[in-house]
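# Curious how this folds, go ahead:
(2 chains)
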Number of protein chains: 2
Amino acid sequence: MTDRGTPLYLEDLEVGRRFSSGAAEVDRDAVLDFAGQFDPQPFHLDEKLAKASVFRGLAASGWHTASLTMGLIVGSVPLAGGVVGLSVDVTWPAATRPGDVLRIDSEVLKIEPGKRTGVAVLRSLTRNQRDEIVQEMTARLLVRRRDETMR
Amino acid sequence: MTDRGTPLYLEDLEVGRRFSSGAAEVDRDAVLDFAGQFDPQPFHLDEKLAKASVFRGLAASGWHTASLTMGLIVGSVPLAGGVVGLSVDVTWPAATRPGDVLRIDSEVLKIEPGKRTGVAVLRSLTRNQRDEIVQEMTARLLVRRRDETMR
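Numbers count the residues shown, from 1 in each chain, chains lettered A, B, ... in the order given. Below you'll find the predicted structure:
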C-alpha cells in the first residue's frame, strides 16, 4: 500500500512494487448508460437478449470495465505527473455484471529508464467481489525522472 | 464498404477485408464528463493545468478515445452476434482533443477458425480530421460460424 500523498518518480519505483486500489461498485444504470453511449449492443443493453447471447446475462462493456479500472488506478498509483499510458494490452477473462464490486491490484513488472523520462510496465488485475479476474491489463506508462524535474 | 444489413459470419470474412466507419465529434463537455467519471487527472479536466502537462493542452482520456472507437466499430463492422472482444492491444500515438472528429478504418489481419466459433484479428486505426492517428488497436474478436448457427 502506498501513501497517496507522495508522488512517485521513476527512481522511486522498483520491479515487484505493488499497489492496491479501493473499490468501485458497478451500477446497473451506469452499465446501461455507458453501453448506450459507447457500445450499443444487445448484450450490454437488454437483460433478455443478453441471456440468449454469449454472455448469458447482462454484461458491462469491456470498455466500461477498462474505464472503471483506470479510475481505480488513478486513485491508487500516485505517479508524479499522473498516470499516462503509452500503450496497453487488455484481456477480459470474465464478464463484469451489474452489482459487481471491482478492485485493482497493480504490480510493476519492468522499468525502462530513458533520458528525460522513463517507462514503467505495470500489470493491473481487476477482480470482482468473488475474486474472479474480469480484466488483466499490462500498460506501458510514461513516468517522470526526479533528477530531470529538479533542474 | 459493407452493407450494414448483412451480418457477417466467420466464413464471410477474409484477410484484407476493410470496414470504414462514420464520424464522431469529440464534444468538449463529454471529454470533461468522461474524465470526471473515469480518469480524473488535471490534463483531462483543466485547460491551464493541461497546458503545463506532457499533453500541452486539454486531452481526452485514452479510454474515452477507445470507447468512442468502439461505438464507431459497432456501427461499421456488422458481425453476426455482435462485436465481442477477447483481448486488445491499444496504443495512443497522439492526443484526442475537444472538437476533434474521429473516423475508424478497420482491416481483418487474420482469421483463426475454431470448432464452434472462430477468432478474427481486426486492426482499427482511429484518425482525427487532420488524418493523424490518435489510436491504433488490434483486437481479437469472437466470431460465429455460419454452419454452427444453422444446426
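# where does chain A come near chain B, residue by residue?
Residues of chain A found near chain B (CB under 8 Å from any CB of the partner chain) are A:34, A:37-43, A:53-54, A:61-63, A:66-68, A:70-71, A:74, A:81-92, A:142. (Each C-beta comes from the backbone N, C-alpha and C, glycine too.)
# Any of these buried? List them.
Among the residues of chain A next to chain B, those classed as buried by 16 or more other CB atoms under 10 Å in any protein chain shown are A:34, A:37-39, A:41-43, A:53, A:61-63, A:66-68, A:70-71, A:74, A:81-85, A:87-88, A:90-92, A:142.
# mind listing which of those are in helices?
The helices, defined by DSSP state H, take in A:34, A:37-38, A:42-43, A:62-63, A:66-68, A:70-71, A:74 from those.
# which of those sit farthest apart?
Of all pairs drawn from those, the greatest distance, 31.3 Å, lies between A:42 and A:74 (CB to CB).
# Figure out how far the helix or strand containing residue A:112 is from the centre of its chain.
Using DSSP states H and E, residue A:112 sits in strand A:101-113. Centroid separation for strand A:101-113 versus its chain: 9 Å, with CA atoms, centre = their mean, to the nearest Å.
# orientation of it relative to helix A:62-74 in degrees?
Between the axes of strand A:101-113 and helix A:62-74, defined by axes from the mean of the first three to the mean of the last three CA atoms, to 10 degrees, the angle is 70 degrees.
# Now strand A:101-113 - C-alpha only, PDB.
C-alpha atoms of strand A:101-113 as PDB (Å, rounded to 0.1, in the frame of the first residue of the first chain):
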ATOM      1  CA  VAL A 101     -17.700  -4.600  -6.900                       C
ATOM      2  CA  LEU A 102     -14.300  -4.200  -8.500                       C
ATOM      3  CA  ARG A 103     -10.800  -3.800  -7.000                       C
ATOM      4  CA  ILE A 104      -7.500  -3.500  -8.700                       C
ATOM      5  CA  ASP A 105      -4.100  -4.900  -7.800                       C
ATOM      6  CA  SER A 106      -1.200  -3.500  -9.700                       C
ATOM      7  CA  GLU A 107       2.400  -4.500  -9.900                       C
ATOM      8  CA  VAL A 108       5.500  -3.000 -11.500                       C
ATOM      9  CA  LEU A 109       6.800  -5.600 -14.000                       C
ATOM     10  CA  LYS A 110       9.600  -3.700 -15.600                       C
ATOM     11  CA  ILE A 111      11.300  -0.300 -15.500                       C
ATOM     12  CA  GLU A 112      12.900   1.200 -18.600                       C
ATOM     13  CA  PRO A 113      14.800   4.400 -17.800                       C
END
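# partner strands of that strand, parallel or antiparallel?
strand A:18-25 (antiparallel), strand A:117-127 (antiparallel) (DSSP bridges).
# got the buried residues for the first one?
Put plainly, it is strand A:18-25. Going by neighbour count (16+ other CB under 10 Å), the buried part of strand A:18-25 is A:19, A:21, A:24.
# All set now, cheers.
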